[in-house]
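Trainee: Turn this into a structure:
(one chain, ligands or ions: 1)
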Amino acid sequence: MSKEIQHILASLPSVDVLLKQLGSDYPQGAAKEGIQKVLASIRKEVIDGTQKNVIDQAEVLTMIKKELTEKQFSLRRVINGTGTVIHTNLGRSSLSQKIQEQLVATSFHYSNLEFDLASGKRGSRYSHLVAIVKKLTGAEDVLVVNNNAAAVLLVLSTLTQEKEVLVSRGELVEIGGAFRIPDVITSSGGTIKEVGTTNKTHLADYETALTEETGAVLKVHTSNYRIVGFAETPELSELAELAHANDLPLINDLGSGLLLDMRPFGLPYEPTVKEVLDQGCDVVTFSGDKLLGGPQAGIIVGKREYIEKMKKNQLLRALRIDKMTLSALEATLALYLNEKEALQAIPALQMIGLSEADCLAKATELAAMLKPISGLSVAVEKDSSKIGGGSYPEHLLPTYAVVLNGQQYSAVELQEKLREGATPIISRIKNEANLLDVRTIASDEFSLIQKSLQAIFKEGKEEK
Ligand SMILES: *Cc1c(COP(=O)(O)O)cnc(C)c1O
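Mentor: Below you'll find the predicted structure:
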């Protein structure tokens, strides 16, 4: 072995030194393994001559961090700096910290999932939600499946098999992820019967479309678009009257499923689940992880006679939810029993509820934490956030963002660096700068952002 090679090998930092430098960001066992793996590969390269220079400690550390980050988990926590509250790519709603204890208790131990504690006999997993859903929406019964797409599929395949489903031409919705109402109706075994026109559908249009073959009237919430201007649809109560006069159910796919009136936040009026039930809808479906702020789930509420039929559908077994979802959903719904608590404890609602002044205060605080980082220029700028998840498509919320410009990085490079950290940070690029919209960033995430940017700019300096 040449003197040169010996010199390079001797200059490599020890495992202990590297462990200390890594700090507490990574689990000890994994950190040690990662360090040993990286050091071994460097030694190999030095010995076979592909690595001819002394590698400094910072560079070794960067290689180890990369190795550890890639090795940890594939599905990871991220910081959402996009400002879009219900971001489908980032997991939609995050759960309330308040439900953690309940979720842990029922998931890490046995539970009475399908066991009736009163009689000691077999019970139903869906029974746990009946009382609370009745309190919050007035519904007679409830059934929960994997997501709202599955809910719509189950409802239609139970109630409108080989029948015609009346839907307004203005409500033939595509949600994204290939969920299209006409296709769902077809795959559930029903036939779609389009009613009215794109912009106007009258009660009389439904009336003339009714035949012996009709199985249900379906209303679909136009979650992600609006038909404005010369537009009209009948009142839900009129539609319910027509359906009931013909012994048919009125089904309403609400999409987001509001349990609270959001107008106090300056948002436009959207009907709540209770309101559409009160107006005569027989079956209502909505998501658990949109504005409700719970786990991914499809919730079906309404008349017992219809829900009983769905419980007997073989399809339910394939669509059924697991105990963690059920527990998270029940605990989230329980927060709604106190509206004030729900608005604070459910992250999606809390973020939507932040005022412009709240956002300015948060942005100012984060900016102050980042300003001392050399090589990074920081500013606070007014911007707007989206609600997302196909909710309130036209409505923007006034917000403030922290604007980041790195002297030695382009906007795209900095965006990549932000994604590469131990906790990836997802930013938005606007006018060649990275924006972190503080609406969707919790204050206790600020220190993670600070750490990440400190590392990015320290590393940048050493590269120069
Ligand atoms: C979002 C949405 C769906 C799909 O719900 P998932 O929970 O994503 O399956 C169906 N219908 C409407 C109207 C929606 O807004």
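
Trainee: rest of the way, CA atoms for contacts and neighbours
Mentor: Will do.

Trainee: ok, now which ones touch the most centrally placed residue in the chain?
Mentor: The geometric centre of the chain, computed from its C-alpha atoms, lies nearest to Arg92 (CA atoms, centre = their mean), at 0.7 Å. Residues near Arg92 by CA atoms under 8 Å, 6 or more residues apart in numbering: 85-86, 289-290, 389.

Trainee: Filtering the residues you listed by proximity to the ligand, which remain?
Mentor: The subset of the contacts of Arg92 within reach of the ligand, counting by CA under 6 Å from any ligand atom, is empty.

Trainee: quick one: which of those residues is nearest His202?
Mentor: Of all those, the one with the least separation from His202 (CA to CA) is Gly389, at 28.9 Å.

Trainee: Need the phi and psi values for Asp116.
Mentor: Summarising the backbone geometry of Asp116 under the convention degrees, to the nearest 10, its torsions are phi -90, psi 110.

Trainee: what's the spacing between it and Val144?
Mentor: 18 Å (CA to CA, to the nearest Å).

Trainee: Give me the more crowded residue out of these two.
Mentor: When Asp116 and Val144 are compared on other CA atoms under 10 Å, the one with more neighbours turns out to be Val144, at 28 against 15.

Trainee: Count residues in the vicinity of the closest residue to the more buried one other than its chain neighbours, would you?
Mentor: Counting by CA to CA, 6 or more residues apart in numbering, Val144 lies nearest to Ile299, which is 4.6 Å off, once chain neighbours are set aside. The tally of other residues near Ile299 (other CA under 10 Å) stands at 24.

Trainee: ok, Ile299 touching Asp141?
Mentor: No. Distance between Ile299 and Asp141: 10.6 Å, which falls outside the contact criterion (CA atoms under 8 Å).

Trainee: just to revisit the earlier point, now do the contacts for the residue nearest to Val144.
Mentor: Counting by CA under 8 Å, 6+ apart, the residues that Ile299 touches are 142-145, 147-148, 151, 285-288.

Trainee: Just the buried ones from the residues you listed, in PyMOL syntax?
Mentor: When burial is assessed using 16 or more other CA atoms under 10 Å, the buried subset of those is captured in PyMOL by this command:
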select buried, resi 142+143+144+145+147+148+151+285+286+287+288
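
Trainee: Model confidence for Gly177, exactly?
Mentor: The predicted structure scores Gly177 at 72 on the pLDDT scale.

Trainee: Lys461 too?
Mentor: The pLDDT attached to Lys461 in the predicted structure is 65.

Trainee: With Lys464 instead?
Mentor: At Lys464 the predicted local distance difference test score is 49.

Trainee: Just the endpoints, please. Distance across stretch 84-100?
Mentor: End-to-end span of stretch 84-100 (CA to CA): 24 Å.

Trainee: in that stretch, what counts as buried?
Mentor: The neighbour-count criterion (16+ other CA under 10 Å) identifies 84-87, 90, 92-96, 99 as the buried residues of stretch 84-100.

Trainee: Just those residues: which are in strands?
Mentor: Counting by DSSP state E, none of the members of the buried residues of stretch 84-100 fall within strands.

Trainee: Tell me which two of these sit farthest apart.
Mentor: Farthest-apart pair in the buried residues of stretch 84-100 is Thr84 and Ile99; separation 23.0 Å (CA to CA).

Trainee: Output the set of residues of this protein in proximity to the ligand.
Mentor: For the chain, the contact set with the ligand under CA under 6 Å from any ligand atom comprises 147-149, 175, 220-221, 223, 253-256, 287, 298, 390.

Trainee: quick one: which of those has the most company?
Mentor: Within the residues of the chain next to the ligand, most neighbours by other CA under 10 Å means Ser287, with 30 neighbours.

Trainee: That residue contacts Gly298, correct?
Mentor: Yes. Between Ser287 and Gly298 there is a contact at 4.8 Å, judged by CA under 8 Å.

Trainee: Between these two, which contacts overlap?
Mentor: Common neighbours of Ser287 and Gly298 (CA under 8 Å, 6+ apart) are 147-148.

Trainee: so where's the stretch 1-150 of the chain shaky on pLDDT?
Mentor: When residues are selected by pLDDT under 70, those of the stretch 1-150 of the chain lie in 70-71.
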